[in-house]
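Chemist: A structural model of the following input is requested.
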Amino acid sequence: MRRPERIVDVDVHHCYEESEDLVPYLPDEHVDKFLGDDGVSIGGRQFGNNGGFQGIMGELRDESDNDPMMVTAGALIDDVRDRLLDEYDIDIALLTGFGTFLSASSYPDREYGTALCRAFNEYTIENWLEVDDRFRYSLMVNHSDPDRAAEEVRRIGDHPQVIGVMMAPSATYPFGNAVYDPIYQAAIDHDLTITCHLGGGGGIHSYPPTGAGHPTHYIESRMSRHPNIQAHLASLVFEGAFERFPEFRFVSLEWGWSWIPSFLWRMDHKWEQNKEAFPDLRQAPSEYIRDHVRFNTQPVEEPETNEQLRQLLELMDGDELLLYASDFPHWDFDNPDRTLTTVSPEVRRRIFADNASEVFAL
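Modeler: Below you'll find the model as predicted:
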């Protein structure tokens, strides 16, 4: 199949070469803390229970020894440009950072978490956005301090290459709670989309990665990701966030998508049984999701046959809800030349470019 004429990749993980690279952007009082723990927190990836320093990713080390970058948190700019943008003719790449800054909303020291986000934002603008106009960015905020997070959105939200606001999934309250309204209002004021990427555990919110406790193997944590984002989506619907903010746009990053049809059916069914508890909801929950939420394709969960894939996409309106993502440079990177190759050219065009252009106002 021919490569789409235009490709927007909505999940590209970027990082710095050394922790010291972030120091010029940090307040002096936070430098020693950052360098002392290398920016990570107990409970994060590096302290998983089966892989030594690499933690839950340790089991992937042997598989990726021929390309160590594939088990790193993020890629350096030359690798992104040479091995992704140029090699696959990517027109726009959304930079999504890595776990250290997703963890910032979980640090007990809110000032430190906010400083980390601001420093990484400044680093990204100066060293990535100003270097290549193909890059876009979902700015990092510490959502445990919503007012300061909203200030950060207002501070750089008008930058032409900033198109989103990243909300880490580990949180005190699910995302429909009104405590986050200052962030949402600031994002809407600057025509930015809220994004939520998998990851960012640790700190004071070092909950087990599954509802059944701490798994032994990485594959177990991958199999139990969906309930986290489902809880946030249900909260956004049932706590009325989409009614409070009709212009609210939300993108789910790296949470999968084959579970979407049954999730929408279940929400609608439970709402039908208990409508009187939600008098402010003016439409079915599934309609709020279709109107306000999009999902990236990575990790691709293609069924065994093309017909099953067609049915799955039809059940979830995948031609409208899905956005292409490579997840570069991670070990399960989805090559655009091998992703959803059996769908029609029209559907592929929408998934690889048009849907992202709409939800991110590109």
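Chemist: Strands along the stretch 251-362 of the chain, start to end?
Modeler: Along the stretch 251-362 of the chain, counting by DSSP state E, counting those that start in this stretch, strands occupy 293-296, 322-323.
Chemist: Show residues contacting the shortest one.
Modeler: Right, strand 322-323. 8, 10, 251, 257, 294-297, 313, 351, 355-356, 359 (C-beta atoms under 8 Å, 6 or more residues apart in numbering). For every residue, glycine as well, the C-beta is placed using N, CA and C.
Chemist: Could you look over the strands of the stretch 251-362 of the chain and pick the most buried one?
Modeler: strand 322-323 (a mean of 27; mean count of other C-beta atoms under 10 Å).
Chemist: Columns pLDDT and distance to P174 on top of the contacts of strand 322-323, output as JSON lines?
Modeler: Listed next are the contacts of strand 322-323 as JSON lines, based on pLDDT from 0 to 100; distance: C-beta to C-beta, whole Å:
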{"residue": "V8", "pLDDT": "98", "distance to P174": "28"}
{"residue": "V10", "pLDDT": "98", "distance to P174": "23"}
{"residue": "V251", "pLDDT": "98", "distance to P174": "17"}
{"residue": "W257", "pLDDT": "93", "distance to P174": "20"}
{"residue": "R294", "pLDDT": "98", "distance to P174": "19"}
{"residue": "F295", "pLDDT": "97", "distance to P174": "18"}
{"residue": "N296", "pLDDT": "96", "distance to P174": "20"}
{"residue": "T297", "pLDDT": "94", "distance to P174": "24"}
{"residue": "L313", "pLDDT": "91", "distance to P174": "28"}
{"residue": "I351", "pLDDT": "97", "distance to P174": "28"}
{"residue": "N355", "pLDDT": "98", "distance to P174": "25"}
{"residue": "A356", "pLDDT": "98", "distance to P174": "25"}
{"residue": "V359", "pLDDT": "98", "distance to P174": "21"}
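Chemist: Closest to F175 out of those?
Modeler: V251 (12.4 Å; C-beta to C-beta).
Chemist: Isn't that closest one up against V359?
Modeler: Yes. Here V251 reaches V359: they are 6.1 Å apart, a contact under C-beta atoms under 8 Å.
Chemist: what is in contact with these two at once?
Modeler: T193, R294, L323.
Chemist: how close does the first one get to L84?
Modeler: Note on T193: its distance to L84, by C-beta to C-beta, to the nearest Å, is 22 Å.
Chemist: returning to that earlier point: for V23, find the nearest of the strands of the stretch 251-362 of the chain.
Modeler: strand 293-296 (32.1 Å).
Chemist: Give me the pLDDT for the residue most central in space within the chain.
Modeler: In the chain, the residue lying closest to the centroid (C-alpha atoms, centre = their mean) is H197, at 2.1 Å. Looking at H197, its pLDDT reads 94.
Chemist: do the same with D37
Modeler: 57.
Chemist: unless I'm mixing things up, D317 is touching R290, no?
Modeler: Yes. At 6.2 Å, D317 counts as touching R290 under the criterion of C-beta under 8 Å.
Chemist: Give me the mean pLDDT for stretch 329-338.
Modeler: For stretch 329-338, mean pLDDT is 88.
Chemist: ends of that stretch, how far apart?
Modeler: By C-alpha to C-alpha, to the nearest Å, the extent of stretch 329-338 from end to end equals 16 Å.
Chemist: List the buried residues for that stretch?
Modeler: Neighbour-count burial for stretch 329-338 flags P329, H330, F333, D334, P336 (criterion: 16 or more other C-beta atoms under 10 Å).
Chemist: ok, now which ones touch the residue of the chain positioned farthest from its centre?
Modeler: Among residues of the chain, the one most distant from the C-alpha centroid is E276; the distance is 33.5 Å, by C-alpha atoms, centre = their mean. With contact set as C-beta under 8 Å, 6+ apart, E276 has no partners.
Chemist: How about the one 10 residues further on?
Modeler: Contacts for S286 were tallied using C-beta under 8 Å, 6+ apart; they are L264, W265, M267, D268.
Chemist: any idea which of those residues is closest to E130?
Modeler: Out of those, the member with the shortest distance to E130 (by C-beta to C-beta) is L264, at 40.9 Å.
Chemist: any idea how far M316 is from the closest one?
Modeler: Per C-beta to C-beta, L264 is found 7 Å from M316.
Chemist: Quick check, pLDDT for S138.
Modeler: 98.
Chemist: In terms of neighbours, single out the busier of V251 and V359.
Modeler: V251 (26 against 22; other C-beta atoms under 10 Å).
Chemist: list the contacts for that one?
Modeler: Contacts of V251 by C-beta under 8 Å, 6+ apart are 10, 164, 193-196, 293-296, 323, 359-360.
Chemist: Thanks again, I'm all set now.
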